[in-house]
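Chemist: okay, sequence plus prediction incoming.
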Amino acid sequence: MADIEATAKNDEKFFATSRVGDFELSIDSTGEDGPTPNETLVAAYASCYTAAFRAGGQRVHDVDVGRLEIEAEASLDEDDDLADIAFTLHVEADLDDELAGAMVETGDDICHVHAAVREGLHADVDVVADAF
């Protein structure tokens, strides 16, 4: 049994309705009727990173970071694949450069999306033809 199960239904065009547990997401490769897959990935990464930064602050560095806001920017290559991602993390707590750097390293270690965004992690795909 998988730890995470999701479905995506695509009836036409490049728009999919995805379900994860009780939640539904609308993802549109054209960006017309919802965020693109790349935009969704960047948003998930940013959300995960804020939680990881907060958790690392509490568990490892004994710091209450207070309010966090993250600005995520990503560039696409000529094939519209993600080329790079950058975060600007606004933290309410007063952190010196050394502590902030240590907390970034801890956030990198804790963030599950950070761990997943790496070369070689690809889905194994089985195709079931004539399914409908």
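Modeler: Looks like it arrived, so ask away.

Chemist: give me the contacts around the biggest helix by length in the chain.
Modeler: Using DSSP state H to define each element, the chain has its longest helix at helix 37-59. If you take C-beta atoms under 8 Å, 6 or more residues apart in numbering as the criterion, helix 37-59 is touched by 25, 27, 29, 31, 35, 63-65, 68, 70, 72, 74, 76, 80-82, 85, 87, 89, 91, 93, 103-104, 106-114, 117. Every C-beta, even on glycine, is put in place using the N, C-alpha and C of the backbone.

Chemist: again, but for stretch 16-24
Modeler: Counting by C-beta under 8 Å, 6+ apart, Ile4, Glu5, Ala6, Thr7, Ala8, Lys9, Asn10, Leu25, Ser26, Ile27, Asp28 sit against stretch 16-24.

Chemist: repeat that for stretch 75-92.
Modeler: 38, 41-42, 45-46, 49-50, 53, 65-74, 100, 117.

Chemist: just the buried members of these?
Modeler: 38, 41-42, 45-46, 49-50, 53, 65, 68, 70, 72, 74 (16 or more other C-beta atoms under 10 Å).

Chemist: max pairwise distance over these: which two?
Modeler: Asn38 and Val65 (27.8 Å; C-beta to C-beta).

Chemist: element containing the nearest residue to Cys48 once chain neighbours are set aside?
Modeler: Leaving aside its sequence neighbours, Cys48 sits nearest to Val113 (C-beta to C-beta, 6 or more residues apart in numbering; 4.2 Å). For Val113, the host element (DSSP states H and E) is helix 112-116.

Chemist: and the average pLDDT for that helix is what?
Modeler: In this model, helix 112-116 has an average pLDDT of 93.
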